[in-house]
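Chemist: this is a predicted model, with the sequence first.
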Amino acid sequence: MAYDYDLIVLGSGPAGEKGAAQAAYFKKRVAVIESAPEPGGACVHTGTLPSKTLREAALFLSGWVDRDLYGIKMEVDRAQATPRMLSRKEVVRRLEVERIRWNLDRHHVTTLSGHGKLIDPHTVELTKADGGSVRLSSDYVLIATGSEPFHPDNVPFEDPDVDDSDTILSIDRLPDRLVVLGAGVIGCEYACMFAALGVKVVLAEAREALLPFLDREVAGELATAMRELGIDLRLSTKYENVVRTGPNVLTTNLAGGGKLESDKLLYCAGRNGRTTTIGLENVGIMADKRGAIPVNEHFQTSAANIYAVGDCIGFPALASVSMEQGRVAMVHAFNLGYKQSISPNIPYGLYTIPEVSFVGLTEEEAKQKGVDAVVGRAFLKDNTRGKIRGDKRGFVKLVFDRQKRTLLGVHCVGGPAAELVHIGHAILTLGGGVDTLIDMVFNHPTLAESYKYAAYDALGRWSAPS
């Protein structure tokens, strides 16, 4: 049977764009269906790029990085801060939308506007904005519809001063007081951003530990820095509901008594896969209770010719990983003999203040696996470039295997941590270790030198068992 396309992609976020480009690069006939007015998905419009742009704008407008270095007192113009931040966000968003369109065009990918719904394993119905519809056939389908914020019933999202991680990006003013419910990555990032701008922030988290997937030493450093930033960090704090109690007052009632009052509230406790309206039931695919689609190691669903990638399949829901999932899925679908799997060494970046990034095993994970680990640290305040920059906090922490002398994990706090981590990421991926770092020559002065001194610090502990 001749199909209209070799591949139809539902969604043009990082996973959909890269999956489409990968197939089209190998001369497959590809169409991308996007329900939003512009391509890019949450990454471009409501998530990764906008939030990181606002972070940079907040750091600049507040003078947070440099204000203590040269004795210059900087204050945020609260009336101007919000429109200036949002205008910068819009510039970056527009540039990225143009890049995505250029990338799809140069690969000769057909882009279609409307809502795509599976009718059968090889048929997608496209419903256009004017209500008209057309059915398209394809050999393969790639689902990359992303995710959306989870909305519990006990939070009044209809209130204009209650936001989720999408709507916060359209904030109309800087509040005096902000309560953030959920100290996951998104909650921590926004809490830091608003605190840098002078907002009184309460960050409430039901779990006992802050970001439990982090190395505990790193998490402790971040928690200390956040409190120094002025954030009222409350762990082991559960809420019962949020109610409007005054013209400018939202009250968060806490479990066991107590309450938090604020001008605005940001709810950041989970996202659901955006999969309820794409016809999964028509092709025998069952998403879980949070809308995540089950897939195998090749990102195939229970329908063999339908693949799913990105946030709609759940963890880890990182733009970087979603891109690779799209590529790997299409290589498998079309048997391209190219990229067969995703690297097991996935770096994570947290755009908090300070920035945090890591790859590989934490010190605790190494011990749990029975590895005799050696740890080395280098603090940015002791680094020459760190002194120039005024870094008071942060470090590079390296975890090595004592017997094999190989690098197992890299943990960076402070400075451009999400950039800095990739030096160790490359060494870890290539199987290098402490001797690699000792032999390397680093530019001086650079924060990258921290790797060498962390390696020397580890060598000082090598003789004694951990």
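Modeler: Thanks, I have it. None of these values were measured; they are calculated from a predicted model. Numbering: from 1, shown residues only.
Chemist: which helices and strands does the helix or strand Lys367 falls within pack with?
Modeler: Counting by DSSP states H and E, the element that carries Lys367 is helix 363-368. With contacts defined as 3 or more C-beta pairs under 8 Å, 6 or more residues apart in numbering; DSSP states H and E, the secondary structure elements packing on helix 363-368 are helix 216-228, strand 373-379, strand 395-401, strand 407-413. From N, CA and C alone the C-beta is placed, and that goes for glycine too.
Chemist: start and end of stretch 28-47, how far apart?
Modeler: Taking C-alpha to C-alpha, to the nearest Å, the first and last residues of stretch 28-47 lie 30 Å apart.
Chemist: nope, stretch 139-157 is what I was after
Modeler: Span of stretch 139-157 from end to end, C-alpha to C-alpha: 41 Å.
Chemist: how about stretch 346-355?
Modeler: End-to-end span of stretch 346-355 (C-alpha to C-alpha): 17 Å.
Chemist: could you identify the helix or strand that succeeds the biggest strand by length in the chain?
Modeler: When secondary structure is assigned using DSSP state E, the longest strand within the chain turns out to be strand 133-143. Scanning the chain past strand 133-143 towards its C-terminal end, the next helix or strand to appear is strand 147-149 (assignment: DSSP H and E).
Chemist: what's in contact with that next one?
Modeler: Residues outside strand 147-149 that contact it (C-beta atoms under 8 Å, 6 or more residues apart in numbering): 42, 164-166, 267-268, 270-274, 291, 311-312, 317.
Chemist: now that strand: mean pLDDT?
Modeler: Throughout strand 147-149, pLDDT has a mean value of 93.
Chemist: rewinding a little: list the buried ones in the helix holding Lys367?
Modeler: The neighbour-count check on helix 363-368 (16 or more other C-beta atoms under 10 Å) flags 363, 365-366 as buried.
Chemist: and if you look at stretch 301-320?
Modeler: Neighbour counts using 16+ other C-beta under 10 Å place 301, 303, 306-314, 317-319 of stretch 301-320 among the buried residues.
Chemist: thinking again about what came up before, strands paired with the longest strand of the chain, and their directions?
Modeler: Strands that pair with strand 133-143, judged by DSSP bridges, come out as strand 5-10 (parallel), strand 123-127 (antiparallel), strand 306-308 (parallel).
Chemist: which strands and helices sit next to the helix or strand following the first one?
Modeler: Heading C-terminal from strand 5-10, the first helix or strand you meet, by DSSP H and E, is helix 14-25. In terms of contacts (3+ C-beta pairs under 8 Å, 6+ apart), helix 14-25 is packed against strand 5-10, strand 30-34, helix 41-45, helix 78-106, strand 133-143, helix 319-333.
Chemist: redo the ones you listed as TSV? Include mean pLDDT.
Modeler: Putting the helices and strands packed on helix 14-25 into TSV (pLDDT from 0 to 100) gives the following:
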stretch	mean pLDDT
strand 5-10	98
strand 30-34	98
helix 41-45	84
helix 78-106	83
strand 133-143	97
helix 319-333	96
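Chemist: of all those, which one is nearest Tyr239?
Modeler: Of all the helices and strands packed on helix 14-25, the one in closest proximity to Tyr239, counting by C-beta to C-beta, is helix 41-45 (25.0 Å).
Chemist: not counting the closest one itself, show me its contacts.
Modeler: Under the criterion C-beta under 8 Å, 6+ apart, external residues in contact with helix 41-45 comprise 11-14, 16, 36, 38, 47-50, 93, 96-97, 100, 144, 146-148, 166, 311, 319, 322.
Chemist: now the residues you listed: which count as buried?
Modeler: With neighbours counted using 16+ other C-beta under 10 Å, these contain these buried positions: 11-14, 16, 36, 38, 47-50, 93, 96-97, 100, 144, 146-148, 311, 319, 322.
Chemist: mind checking how far Gly256 is from Tyr267?
Modeler: Using C-beta to C-beta, to the nearest Å, we find Gly256 at a distance of 20 Å from Tyr267.
Chemist: typo on my end, it should be Val91
Modeler: 28 Å.
Chemist: the more surrounded of the two?
Modeler: Shown here are Val91 and Tyr267; by other C-beta atoms under 10 Å, Tyr267 has more neighbours (25 against 10).
Chemist: thinking the more buried one is in contact with Asp164, fair?
Modeler: Yes: Tyr267 is within contact range of Asp164, at 5.4 Å (criterion: C-beta atoms under 8 Å).
Chemist: report the central residue of this protein.
Modeler: Compute the mean C-alpha point of the chain, and by C-alpha atoms, centre = their mean the closest residue is Leu318, 4.9 Å away.
Chemist: so that residue sits against Ile346, correct?
Modeler: Yes: under the criterion of C-beta under 8 Å, Leu318 lies in contact with Ile346, with a separation of 7.3 Å.
Chemist: CA atoms only: put stretch 356-365 into CSV for me.
Modeler: Once non-C-alpha atoms are left out, stretch 356-365 reads as follows in CSV (Å, rounded to 0.1, in the frame of the first residue of the first chain):
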residue,chain,number,x,y,z
VAL,A,356,23.9,23.0,39.5
SER,A,357,24.8,20.2,37.1
PHE,A,358,25.9,16.6,37.4
VAL,A,359,26.5,13.4,35.4
GLY,A,360,27.1,9.9,36.6
LEU,A,361,27.0,8.5,40.1
THR,A,362,26.6,10.4,43.3
GLU,A,363,28.9,9.5,46.3
GLU,A,364,25.9,7.8,47.9
GLU,A,365,25.0,5.8,44.8
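Chemist: list the buried residues in that stretch.
Modeler: Residues of stretch 356-365 classed as buried under the neighbour-count rule (16+ other C-beta under 10 Å) are 356-363, 365.
Chemist: reformat those residues as JSON lines; add distance to Glu208.
Modeler: Below are those laid out as JSON lines (distance: C-beta to C-beta, whole Å):
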{"residue": "Val356", "distance to Glu208": "19"}
{"residue": "Ser357", "distance to Glu208": "24"}
{"residue": "Phe358", "distance to Glu208": "21"}
{"residue": "Val359", "distance to Glu208": "25"}
{"residue": "Gly360", "distance to Glu208": "25"}
{"residue": "Leu361", "distance to Glu208": "22"}
{"residue": "Thr362", "distance to Glu208": "17"}
{"residue": "Glu363", "distance to Glu208": "19"}
{"residue": "Glu365", "distance to Glu208": "18"}
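Chemist: of those, closest to Asp159?
Modeler: Checking these against Asp159 with C-beta to C-beta, the nearest one is Val356 at 32.0 Å.
Chemist: can you pull the contacts of that closest one?
Modeler: 214, 218, 222, 349-350, 412-413, 417.
Chemist: that older thread, what's the overlap in contacts for Tyr267 and Asp164?
Modeler: Once C-beta under 8 Å, 6+ apart is applied, the residues that Tyr267 and Asp164 both contact turn out to be 149, 151, 157.
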